[in-house]
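Asker: quick one, structure for this:
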Amino acid sequence: MIESGMTFDFAQLVMDNEFAKMIRQVVKGIKVNDDTLAVDATREVGQFKDFLTHPSTFKHMKEQSQPAIIDRKGRDKWESSGSLSLYDRALNKARDILANHKPLPLPDEVREKIRMIVKNAEKEKGVQPYE
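Answerer: This is a model prediction of the structure:
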């Protein structure tokens, strides 16, 4: 949010969401054990061979950061794919979300609880309710 909520940047929100996911991943830490180190796979495949198609790679790859908008390509590939900035990729993602996302409706009891929280806050702050 920018300007104390007076203006809002959807692309910035998308970037902040990605950064928060990455931070959560770092704080959670990385499990280090024989399974995550793929000790058996190393023995099975052997040194200097291809592990990308090994089942253990697929099993653990989703535990790693999977950024949606941060581009991890090398500069040559990034330039040949259009050189979109992080902000431009975030803006495209935000536009896609706004155009296509279909949220599930909240359960009635949750909607009522939210309505009561807002109503109480309006009363406490002397705000006229929006009808």
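Asker: and residue 52, how many neighbours?
Answerer: Residue 52: 7 surrounding residues under other Cβ atoms under 10 Å. In short, each C-beta sits where N, CA and C put it, glycine included.
Asker: no, scratch that, I was asking about residue 91
Answerer: Every residue meeting other Cβ under 10 Å relative to residue 91 is counted, giving 19.
Asker: wait, doesn't it sit right on residue 12?
Answerer: No: checked against Cβ atoms under 8 Å, the pair residue 91 and residue 12 is beyond contact range at 9.3 Å.
Asker: what packs against the helix or strand of the chain with the lowest mean pLDDT?
Answerer: Taking mean pLDDT, DSSP states H and E as the measure, the helix or strand of the chain with the lowest value is helix 55-61, at a mean of 81. With contacts taken as 3 or more Cβ pairs under 8 Å, 6 or more residues apart in numbering; DSSP states H and E, helix 55-61 sits against helix 39-45.
Asker: chain center to stretch 100-119, what's the gap?
Answerer: 22 Å (Cα atoms, centre = their mean, to the nearest Å).
Asker: pLDDT score for the spatially most central residue of the chain?
Answerer: Centroid check for the chain by Cα atoms, centre = their mean gives residue 18 as the closest residue, at 4.0 Å. On pLDDT, residue 18 comes in at 95.
Asker: with only the CA atoms kept, save stretch 89-109 in CSV.
Answerer: Extracted C-alpha coordinates of stretch 89-109, given in CSV (Å, rounded to 0.1, in the frame of the first residue of the first chain):
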residue,chain,number,x,y,z
ARG,A,89,5.4,-9.3,-14.7
ALA,A,90,3.7,-8.5,-11.4
LEU,A,91,1.3,-6.1,-13.2
ASN,A,92,0.5,-8.7,-15.8
LYS,A,93,-0.2,-11.2,-13.0
ALA,A,94,-2.4,-8.7,-11.2
ARG,A,95,-4.4,-8.0,-14.3
ASP,A,96,-4.8,-11.8,-14.9
ILE,A,97,-6.0,-12.3,-11.3
LEU,A,98,-8.5,-9.4,-11.6
ALA,A,99,-9.8,-10.7,-14.9
ASN,A,100,-10.0,-14.4,-14.2
HIS,A,101,-9.9,-15.3,-10.4
LYS,A,102,-13.2,-16.7,-9.2
PRO,A,103,-13.0,-16.8,-5.3
LEU,A,104,-15.1,-19.3,-3.4
PRO,A,105,-17.9,-17.6,-1.4
LEU,A,106,-17.3,-17.3,2.3
PRO,A,107,-19.6,-19.4,4.5
ASP,A,108,-22.6,-17.4,5.9
GLU,A,109,-21.3,-17.5,9.5
